[in-house]
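Student: Give me the fold of what follows.
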Amino acid sequence: MNRQQPSPMPSHRYRDVFARVPVPPVDRTWPDRRITRAPLWVPVDLRDGNQALADPMDPERKRKFFELMVAIGYKEIEVGYPSASQTDFDFVRMLATSDLVPSDVTIVVFTPARRDLIERTVESVAGMRGDVVIHLYAATAPVWRDVVLRKSRDELASMIYAGSEEILRLTGDSVRFQFSPEVYNLTEPDYVLELADHLTKQWDATPERPVIMNLPATVEVATPNVYADQIEYMHQNLPRRDGVILSVHPHNDRGTGIACAELAVLAGAQRVEGCIFGNGERTGNVDIATLALNLHAQGVDPMVDFSGIDRIREVVEYCTRMPIHPRHPYVGELVYTAFSGTHQDAIRKGFAVQGPGRWEVPYLPIDPADVGRGYEAVVRVNSQSGKGGIAHVLESVYGIQVPVAEERAFAQQVQRHTDATGREASAEELKALYEEVYGCSN
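Tutor: Residues are numbered from 1 along each chain as shown. Next comes the predicted model:
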């Protein structure tokens, strides 16, 4: 049945995740669980997303993006890498010395485990209103340890503990703490547990003042079920679990970042870091807008507001200087549009019976009006369209009701027109063609 032939690509150069890192057996509960409430969303557009831009955001763009995230309803926002550049430092200082940060919004700042950079980071948040999280990170996977940092496990652990002690010395009880073992998904689980045990003890993790343990899939290397197993293993084995917020930060190298995040939440993650519409290094960070609207589409309140999605897209495109794909879930220009005749017919019939109750229109997983879209672009006509779609456009735009007896014949006229032009027919063109063929617009 399958006549595919071996490719010339050197696939033998690569190993699967099981050959690269121990994936311990786990007593899985995640396959039987459901997501019934939103996790804590943490947009990292101003730090991780900004680092991925060819032209990083200037102060005006960063401010505009921050104000957008507050308006959407995010309550914890990573705002920068203050020790990386003067621009980032100055932006954090601006937030600390202005009234832009609502009292119920937690600010997160990011730092490597180096004393001078930690000092600069702590300096940047001095006087910040509300809660502050200092996010300490270090790459912990073997290849990064051996090739990039050139440190043994013990040497790297000592560096991390020195950094965590420095943050504690400089801040005391004035901030909360977060640690990311970068490339967690390729790090030995026993090593991550060793680090977590030390840090949660050192930082005195309690339910009243929890420590955030963030477990990034910095480079996506496995199917989403493997990441879910890795997260559930930590969920079941983390020391001081009731004093830990288990967080995830999936990237999208395999194109499955969304699935990894959703399965991670099933597996015990309480917090998700990502970018609005998925900007980020390489193929991007996980898209937390899509994640939120996936919940909405399942009847779960996402606890953030995307009811004006076109305005949100406009700001994100301006700030990142990158266009959003027309097929991007929920926000793309074409994601609520049907060209196919069979789809159009089903949508037309669905609209005809849809009442004020639960949404059940074929091919439309949510009501476009939920995100501020109208219905005028739901059906568009080209050479692939059918009689139902053509009739729907004329009726919805102009109130022209094509008699059932005329629908098929007129659809043939439209198809000849679109075949000849090789492009979509606008509503205006359909109306003009109908008047030309039938002499009126009843």
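
Student: Can you say which helix or strand has Gly163 in it?
Tutor: helix 153-171 (DSSP states H and E).

Student: What are the buried residues along that helix?
Tutor: Arg153, Leu156, Ala157, Met159, Ile160, Gly163, Ser164, Glu166, Ile167, Leu168, Leu170, Thr171 (16 or more other CB atoms under 10 Å). Yep, even glycine has a C-beta here, placed from its N, CA and C like the rest.

Student: Now find how far off-centre that helix is within its chain.
Tutor: When distances are taken as CA atoms, centre = their mean, to the nearest Å, helix 153-171 is centred 31 Å away from the chain's centroid.

Student: helices and strands around it, which ones?
Tutor: Of the remaining helices and strands, those touching helix 153-171 by 3 or more CB pairs under 8 Å, 6 or more residues apart in numbering; DSSP states H and E are strand 106-112, helix 115-124, strand 132-139, strand 176-182, helix 189-202.

Student: distance of Glu395 from Gln413?
Tutor: Glu395 sits at a distance of 17 Å from Gln413 (criterion: CB to CB, to the nearest Å).

Student: if you count what's nearby, which of those two comes out ahead?
Tutor: Gln413 (17 against 13; other CB atoms under 10 Å).

Student: Could you find the closest non-adjacent residue to that one?
Tutor: Spatial nearest neighbour of Gln413, chain neighbours left out: Val437 (5.5 Å); criterion: CB to CB, 6 or more residues apart in numbering.

Student: how far is stretch 14-33 from where the chain is centred?
Tutor: Distance of stretch 14-33 from the chain centroid (CA atoms, centre = their mean) equals 23 Å.

Student: Next: stretch 299-311.
Tutor: Relative to its chain's centre, stretch 299-311 lies at 13 Å (CA atoms, centre = their mean).

Student: follow-up on the earlier one: my guess is the residue nearest to Gln413 is in a helix, correct?
Tutor: Yes: counting by DSSP: H, G, I helix; E, B strand; the rest coil, Val437 is part of a helix.

Student: Verify the stated contact: it with Phe410.
Tutor: Yes: contact criterion CB atoms under 8 Å: Val437 and Phe410 qualify, at 6.4 Å.

Student: For those two, indicate the residue with more neighbours.
Tutor: Phe410 (20 against 12).

Student: Contacts only, for the most centrally placed residue in the chain.
Tutor: The centre of the chain sits closest to Asp287, judged by CA atoms, centre = their mean, with a distance of 1.4 Å. For Asp287, the contact set (CB atoms under 8 Å, 6 or more residues apart in numbering) comprises Asn252, Gly257, Ile258, Gly274, Cys275, Ile276, Phe277, Gly278, Pro329.

Student: Strands of this structure, start to end?
Tutor: Under the criterion DSSP state E, the chain contains strands at 40-43, 76-80, 106-112, 132-139, 176-182, 211-217, 244-250, 271-274.

Student: and the helices and strands packed on helix 153-171 as JSON lines, adding mean neighbour count, mean pLDDT and distance to Leu40?
Tutor: Output for the helices and strands packed on helix 153-171, formatted as JSON lines (neighbours: other CB atoms under 10 Å; pLDDT from 0 to 100; distance: least, CB to CB, whole Å):
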{"stretch": "strand 106-112", "mean neighbour count": "23", "mean pLDDT": "98", "distance to Leu40": "9"}
{"stretch": "helix 115-124", "mean neighbour count": "19", "mean pLDDT": "97", "distance to Leu40": "22"}
{"stretch": "strand 132-139", "mean neighbour count": "22", "mean pLDDT": "98", "distance to Leu40": "11"}
{"stretch": "strand 176-182", "mean neighbour count": "23", "mean pLDDT": "98", "distance to Leu40": "12"}
{"stretch": "helix 189-202", "mean neighbour count": "18", "mean pLDDT": "98", "distance to Leu40": "18"}
